[in-house]
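Undergrad: Curious how this folds, go ahead:
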Amino acid sequence: MHPHPSDGSGPPQPLQHLLIGQREEDYFIIQDLLRTNGRVLAAGLDQASSFADAQTRPTRKSYDLLLLEHESSEDEALQILRELRLRNQTIPCLFLTEYADEATIAEIVRAGSCECVSRAELNRASLLRAIRSVRKLVPQ
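TA: Here you go, the predicted structure:
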């Protein structure tokens, strides 16, 4: 899951995003938010129910951004992020969380995430702002 290569020639390729999590409604919401803003941010979106699922896909794609679902009762998203950082993979990561108090956000940032968005505040503007912020922070 390395960042999507860009050789600088030809038209820019659409950004490729991977959502890792089991909430199907998040996939459809994000897909709709990206689609309604197609002129500003052309993007593809895939979903994997787990990190293992993402790693064992028959066609391994390069992604520009990972969106990780974070549930307060589980820490799989944090484990995924830690594993990526241990492998020195600097792919930008954006956390989607149901409940993000200061301690949770601090833990997510310490693990190496670039941005955190509350599902309650998820709309086109907040998603695009977070994606742009993440892409500026991580070298391409």
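
Undergrad: Chain neighbours aside, what residue packs nearest to the residue nearest the centre of the chain?
TA: The chain has residue 67 as the residue nearest its centroid, 2.1 Å off, counting by CA atoms, centre = their mean. When the adjacent residues along the chain are set aside, residue 67 lies closest to residue 19, with 4.4 Å between them (CB to CB, 6 or more residues apart in numbering). (Glycine included, C-beta is placed from N, CA and C.)

Undergrad: The one you found - that's part of a strand, no?
TA: Yes: Residue 19 sits within a strand when classified using DSSP: H, G, I helix; E, B strand; the rest coil.

Undergrad: All the helices of the protein, in order from the start?
TA: Per DSSP state H, the chain carries helices over the ranges 24-35, 51-55, 76-86, 102-111, 124-137.

Undergrad: Would you mind telling me which of those helices is nearest residue 44?
TA: With distances scored as CB to CB, the stretch of the helices of the chain nearest to residue 44 is helix 24-35 (8.4 Å).

Undergrad: Just list what the closest one packs against, helices and strands only.
TA: Packed against helix 24-35, as judged by 3 or more CB pairs under 8 Å, 6 or more residues apart in numbering; DSSP states H and E, are the following elements: strand 15-20, strand 43-48, strand 65-70, helix 124-137.

Undergrad: re earlier: bridging residues for the residue nearest to the centre of the chain?
TA: Beta bridges link residue 67 to residue 19, residue 94, judged by DSSP bridges.

Undergrad: these two touch, right, it and residue 20?
TA: Yes: taking contacts as CB atoms under 8 Å, residue 67 lies within contact range of residue 20: 7.2 Å.

Undergrad: residues near residue 97, how many?
TA: The criterion is other CB atoms under 10 Å. On that basis, residue 97 has 20 neighbouring residues.

Undergrad: Residue 99 versus the residue nearest to it when sequence neighbours are not counted, what's the distance?
TA: Once its chain neighbours are removed from consideration, residue 97 has its nearest residue in residue 70; the separation is 4.3 Å (CB to CB, 6+ apart). Using CB to CB, to the nearest Å, we find residue 70 at a distance of 9 Å from residue 99.
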